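1. Kindly return the folded structure for what I paste below:
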Amino acid sequence: MDQIAAMRVFARVVEAGTFTRAADSLQMPKPSVTKLVQQLEAHLRVKLLQRTTRRVTVTPEGAAYYERTSRVLAELEDIEADLTHAQASPRGRLRVDIGSSLANRILIPALPGFHARYPDIQIELGVTDRPVDLVGDAVDCVIRGGPLLDQSLVARRVAQLPYLSCATPGYLQRHGIPKMPAELLEGHRVVSYFSSRTGRPFPLRYVRGEESFEINGHIAVAVNESTAHLTTILTGLGVAQTFAFMAKPHVDSGALVALLADWEPPPHPVYVVYPPNRHLSAKLRAFVDWVEIFSPYSTA
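-> Numbers count the residues shown, from 1 in each chain. Next up is the predicted model:
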């Protein structure tokens, strides 16, 4: 038995959900796929898959085996790619994790350009704001904003995203237009953003020259995801700070009004992050270089 081939076939069956789909994607006869998985189970002396007439279910032992072997197979792909001079044409599967707003507004719309340039790289995109264990979760890199908490990781800053303070015309008609940040402390409500990690809301920060100001409290509602945060702002519940690239279309349409233009909040840094001990494969290097697409969003 070719154990590496059997591992690859087993992984594809897990990912495809059936032997038939796995065989089709591998361009192999179904009996050959079945035989390799059976040989692998015999070699390991453990049942990896439960078969039914309609689908395949992974056993607990099979799930643990898949999790570990998928990392091995990914490393083998990297080695093979490097040895076949894949620098000019990198290939293989790349697992990336990114927050919702950055994924939907910036990264995903740009992916056709990436695939036109690197057609042999298959991206698995995890869209979440949760903390990710890059090694444990077998993720190649993450794209995250804000200060980096884990100094052991390698981080490359790709943008500084400006914020914009705004509210709906209806809200401002009811509560008035603030001219200074201090006015938000009286007669105004805030649509806040809170940290998924700590659960604490972020204050509204304002800077003008040497002056700085923070608004805490007076929260009408707090949200922990930026797309939902923007939706909440559009309901007219209060004043908020959100990414300028997200708010600008709504300001242009009149759905939102930009506020306190003389007071510029500190920008939001965005990083592409990967483990320091991870071999920077051709496919990962290509992606890390490509995410400079965020640079046009570093200015309002």
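2. residue boundaries of the strands in the stretch 151-300 of the chain?
-> Assigned by DSSP state E, counting those that start in this stretch, the strands in the stretch 151-300 of the chain fall at 154-161, 163-167, 190-193, 204-208, 211-215, 219-223, 240-243, 257-259, 268-274.
3. ok and the second one relative to strand 204-208, angle-wise?
-> If I follow you right, that is strand 163-167. Strand 163-167 and strand 204-208 are oriented at 110 degrees to each other (axes from the mean of the first three to the mean of the last three Cα atoms, to 10 degrees).
4. ok, strand 163-167: who's next to it in the sheet?
-> Partners of strand 163-167 in the sheet, by DSSP bridges, are strand 240-243 (antiparallel), strand 257-259 (antiparallel).
5. before we move on, what about the longest one?
-> In the sheet, strand 154-161 lines up against strand 268-274 (antiparallel) (DSSP bridges).
6. Contacts for the partner strand next, please.
-> For strand 268-274, contacts defined as Cβ atoms under 8 Å, 6 or more residues apart in numbering pick out 102, 134, 140-148, 153-163, 243, 280, 284, 287-288, 291, 294. Yep, even glycine has a C-beta here, placed from its N, CA and C like the rest.
7. Just the buried subset of these, please.
-> Among these, those buried by neighbour count (16 or more other Cβ atoms under 10 Å) are 102, 134, 140-145, 153, 155, 158-163, 243, 284, 287-288, 291, 294.
8. Alpha carbons only: can I get the helix or strand of the chain with the lowest mean pLDDT in PDB?
-> Between all helices and strands in the chain, the lowest mean by mean pLDDT, DSSP states H and E belongs to helix 60-83, at a mean of 80. Extracted in PDB, the C-alpha atoms of helix 60-83 (Å, rounded to 0.1, in the frame of the first residue of the first chain):
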ATOM      1  CA  PRO A  60     -13.900  10.000  16.300                       C
ATOM      2  CA  GLU A  61     -10.600   8.200  15.500                       C
ATOM      3  CA  GLY A  62     -11.000   9.100  11.800                       C
ATOM      4  CA  ALA A  63     -11.600  12.800  12.700                       C
ATOM      5  CA  ALA A  64      -8.400  12.900  14.800                       C
ATOM      6  CA  TYR A  65      -6.400  11.100  12.100                       C
ATOM      7  CA  TYR A  66      -7.700  13.500   9.400                       C
ATOM      8  CA  GLU A  67      -6.800  16.600  11.500                       C
ATOM      9  CA  ARG A  68      -3.200  15.500  11.900                       C
ATOM     10  CA  THR A  69      -2.700  14.000   8.400                       C
ATOM     11  CA  SER A  70      -4.100  17.100   6.700                       C
ATOM     12  CA  ARG A  71      -1.200  19.100   8.200                       C
ATOM     13  CA  VAL A  72       1.200  16.500   6.900                       C
ATOM     14  CA  LEU A  73      -0.200  16.500   3.500                       C
ATOM     15  CA  ALA A  74      -0.200  20.300   3.300                       C
ATOM     16  CA  GLU A  75       3.500  20.300   4.300                       C
ATOM     17  CA  LEU A  76       4.200  17.700   1.600                       C
ATOM     18  CA  GLU A  77       2.500  19.900  -1.000                       C
ATOM     19  CA  ASP A  78       4.700  22.800   0.100                       C
ATOM     20  CA  ILE A  79       7.900  20.600  -0.200                       C
ATOM     21  CA  GLU A  80       6.800  19.300  -3.600                       C
ATOM     22  CA  ALA A  81       5.900  22.800  -4.800                       C
ATOM     23  CA  ASP A  82       9.300  24.200  -3.800                       C
ATOM     24  CA  LEU A  83      11.300  21.300  -5.300                       C
END
